[in-house]
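Asker: model the structure of this input:
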Amino acid sequence: MADDTRSAVSPWTIVLPLALGQFVASYAGTNMNVAINSIAKDIGTDVHGVQTAITLFMLTMAALMITGSKLTDIYGRKRCFIVGMVVYGLGALIAAAAQGLGLLIFGYSLLEGVGSALMIPPIYILITVAFEGTATRAKYFGIVSAAAGIGSAAGPLIGGLITSTISWRASFGLQVLIVIVIIYLARRIVDPPLRGPRPKLDVEGAILSAAGLFFIVLGVLQSSTYGWGKSRQDFTIGGTVVIPKGGISLVWVSVAIGVAILAWFYAHLRRREQAGKPPLFATRMLRNKVSNLALVTQNMQWLVLQGTFFVVSVFMQTIRGYSAIQTGLALTPATIGILLASGFAGRMARRRAQATLIRGGFVLTLAGFALLAAFGRADSNVLTFVPGLFVLGVAVGIMLTASVNVVQSAWSDEDQGEISGISRSVSNLGSALGTAIAGSVLVSDLVKGNTHFLLAIATMAVFAAVGLLAAYLIPRRAPTPAPGE
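Answerer: So this is what the prediction gives:
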């Protein structure tokens with residue numbers, strides 16, 4: 001942003017609507033967790049059906065986020081942000097009126113997911129181009145990341161309160177109202193002019209990237225039905241048994257298809273580059289070590305956060321018999337932890353290296369899981385969950401901002417559109433996988449009762465350990481990006 005624009009516009013004119021947009025998208029990812037039983041009963045489905053809707057919402061965001069980011073370079077950041085909010089609001093309105101799982105998936109999973117994919121990339125691009133310096137960006141990334149974390153953490157509490165006092169449908173109505181407020185505030189956002197000619201959208205690349213991610217997450221989601229090893233039942237298409245019971249699980253077939261499509265996608269990008277045509281994103285975006293490691297930490301953070309919220313929400317409702325509001329209150333310590341830690345994000349960024357903050361966050365995450373596993377039981381007092389959830393919230397609040405800052409700051413301003421889309425896609429892919437993996441463990445026939453909870457928590461801890469390893473490989477002081485790097 002030009003200096004005169006930066007001085008003429010209050011930072012909050014830019015940051016407030018962007019933070020609210022990130023809040024409502026993150027809220028949508030977790031508020032349904034506490035209303036699973038109510039939704040399933042009301043629209044005639046089961047826990048797995050609602051889990052599918054939640055996972056597909058996050059998958060839609062992940063699959064289309066890179067495309068959404070590219071559209072910001074074509075049509076402008078502010079325009080894509082507002083259009084995304086309109087699509088999101090329409091989806092929330094349809095979901096609020098849904099009488100069956102199909103319409104819920106159309107409004108919530110599809111339209112809200114598409115709207116999020118359009119409006120989330122501009123959030124991080126606008127923050128990056130509007131503010132200079134690591135500490136300043138960290139401050140405003142901290143606000144936006146806090147909004148994301150609080151949206152995810154407060155989703156169960158707010159959703160539980162609304163579901164218990166009114167209806168789960170009113171929670172979608174609340175999202176519509178917030179969207180209207182955001183659109184009104186967003187009118188005053190000043191979008192710096194795009195440099196150079198507008199690129200053309202790589203349609204084939206967009207389809208291939210979305211299809212590859214879809215099949216990978218779909219495969220994980222099917223693990224609750226077909227298992228991870230041998231197939232628990234026949235997989236049929238049109239009455240024909242394609243994979244018999246006892247054969248290889250559909251999970252690995254679907255994942256293999258997804259990986260093959262992503263390999264095709266990469267080859268497609270290389271061909272377009274060699275032909276001098278603009279790809280969906282430049283393949284050099286995948287060759288920055290610092291950025292790649294930080295992207296792994298982002299993926300693990302959201303996988304762990306969303307997976308844990310799903311685990312605790314389902315556990316509280318199915319094993320403990322909690323209502324929606326009781327489940328939301330049980331998750332409040334995590335909300336408080338995220339809020340407290342995110343409030344100090346800017347100050348911590350000035351005093352500590354970003355890599356150090358990410359490492360510390362994952363160490364605390366593992367400590368939080370240890371506390372949950374040690375004290376949380378099917379018959380224990382709900383207060384026994386407080387220490388673990390609070391520590392987990394603090395951990396997430398510490399490292400969310402740091403990871404975003406490392407990724408975005410590893411690239412120059414002209415690359416912010418592409419890296420923002422990749423970053424958000426990776427994060428939302430983590431959220432989708434977290435819910436899918438956690439759900440597959442919770443409904444597994446291999447374990448019963450409280451063991452469900454312990455095994456699911458242990459699974460999330462393994463992914464946190466992967467994030468910690470990636471964080472330790474990030475240099476403490478990342479090099480300053482040069483143009484085109």
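
Asker: show me the shaky parts of the stretch 301-450 of the chain.
Answerer: 343, 345-347, 349-350, 376-380, 413, 416-417, 442-450 (pLDDT under 70).

Asker: can you map out the strands along it?
Answerer: In the stretch 301-450 of the chain, no strands are defined using DSSP state E, counting those that start in this stretch.

Asker: equivalent analysis for the stretch 101-250 of the chain, please.
Answerer: 235-237, 240-243.

Asker: which parts of the longest one are buried?
Answerer: Spelled out, that is strand 240-243. residue 243 (16 or more other CB atoms under 10 Å). Glycine gets a C-beta too; all of them are placed from N, C-alpha and C.

Asker: off-centre distance for stretch 119-132?
Answerer: 17 Å (CA atoms, centre = their mean, to the nearest Å).

Asker: give me the contact list for that stretch.
Answerer: The list of residues contacting stretch 119-132 from outside it, by CB atoms under 8 Å, 6 or more residues apart in numbering, reads 1, 6, 11, 14-15, 18, 21-22, 25, 61, 65, 68-69, 72, 77-78, 80-85, 88, 137, 139-141, 144, 189, 191-192, 404, 408, 413, 416-417, 420-421, 423-424.

Asker: circling back: adding mean pLDDT and distance to residue 392, write the strands of the stretch 101-250 of the chain out as CSV.
Answerer: Below are the strands of the stretch 101-250 of the chain laid out as CSV (pLDDT from 0 to 100; distance: least, CB to CB, whole Å):
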stretch, mean pLDDT, distance to residue 392
strand 235-237, 77, 36
strand 240-243, 78, 38
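
Asker: how much space is there between residue 298 and residue 399?
Answerer: Going from residue 298 to residue 399 by CB to CB, to the nearest Å gives 9 Å.

Asker: same check on residue 114?
Answerer: 29 Å.

Asker: do residue 124 as well
Answerer: 16 Å.

Asker: neighbour count winner among the two?
Answerer: Set residue 124 next to residue 399 and count neighbours by other CB atoms under 10 Å: residue 399 wins out with 30 against 27.

Asker: and residue 176, what's its pLDDT?
Answerer: pLDDT, residue 176: 93.

Asker: next up, the contacts around it.
Answerer: Contacts of residue 176 by CB under 8 Å, 6+ apart are 89, 92, 93, 96.

Asker: I'd guessed the second one sits against residue 171; true?
Answerer: This means residue 92. No - between residue 92 and residue 171 there is no contact under CB atoms under 8 Å: 9.0 Å.

Asker: my guess is residue 55 contacts residue 438. True?
Answerer: No - the pair formed by residue 55 and residue 438 falls short of the contact definition of CB under 8 Å, at 10.0 Å.

Asker: residues contacting the nearest residue to residue 364 once chain neighbours are set aside?
Answerer: The spatial neighbour of residue 364 that comes closest, neighbours along the chain excluded (CB to CB, 6 or more residues apart in numbering), is residue 395 at 3.6 Å. Contacts for residue 395 were tallied using CB under 8 Å, 6+ apart; they are 337, 341, 360, 361, 362, 363, 364, 365, 367, 368.

Asker: over to residue 247?
Answerer: Contacts of residue 247 (CB under 8 Å, 6+ apart): 230, 231.

Asker: got it, and residue 109?
Answerer: Contacts of residue 109 (CB under 8 Å, 6+ apart): 53, 54, 56, 57, 59, 60.

Asker: where's the residue nearest to it when sequence neighbours are not counted relative to residue 441, distance?
Answerer: Leaving aside its chain neighbours, residue 109 sits nearest to residue 56 (3.8 Å; criterion: CB to CB, 6+ apart). Counting by CB to CB, the separation of residue 56 from residue 441 is 19 Å.

Asker: residue 375 contacts residue 385, doesn't it?
Answerer: Yes - counting by CB under 8 Å, residue 385 is a contact partner of residue 375 at 7.2 Å.

Asker: between the two, which is the more surrounded one?
Answerer: More neighbours surround residue 385 than the other of residue 375 and residue 385, with 23 against 15 (other CB under 10 Å).

Asker: these two touch, right, residue 298 and residue 404?
Answerer: Yes - counting by CB under 8 Å, residue 404 is a contact partner of residue 298 at 7.1 Å.

Asker: between the two, what contacts are shared?
Answerer: By CB under 8 Å, 6+ apart, the residues touching both residue 298 and residue 404 are residue 423.

Asker: check the offset of stretch 255-275 from the chain's centre.
Answerer: With CA atoms, centre = their mean, you get 24 Å for stretch 255-275.

Asker: need the residues that contact that stretch.
Answerer: Contacts of stretch 255-275 (CB under 8 Å, 6+ apart): 202, 204-205, 208-209, 211-220, 278-283.

Asker: tabulate the contacts of residue 395 (JSON lines), appending distance to residue 287 and neighbour count.
Answerer: Converted to JSON lines, these look like this (distance: CB to CB, whole Å; neighbours: other CB atoms under 10 Å):
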{"residue": "337", "distance to residue 287": "36", "neighbour count": "24"}
{"residue": "341", "distance to residue 287": "32", "neighbour count": "25"}
{"residue": "360", "distance to residue 287": "28", "neighbour count": "19"}
{"residue": "361", "distance to residue 287": "26", "neighbour count": "27"}
{"residue": "362", "distance to residue 287": "25", "neighbour count": "26"}
{"residue": "363", "distance to residue 287": "29", "neighbour count": "16"}
{"residue": "364", "distance to residue 287": "31", "neighbour count": "22"}
{"residue": "365", "distance to residue 287": "28", "neighbour count": "30"}
{"residue": "367", "distance to residue 287": "34", "neighbour count": "17"}
{"residue": "368", "distance to residue 287": "34", "neighbour count": "29"}
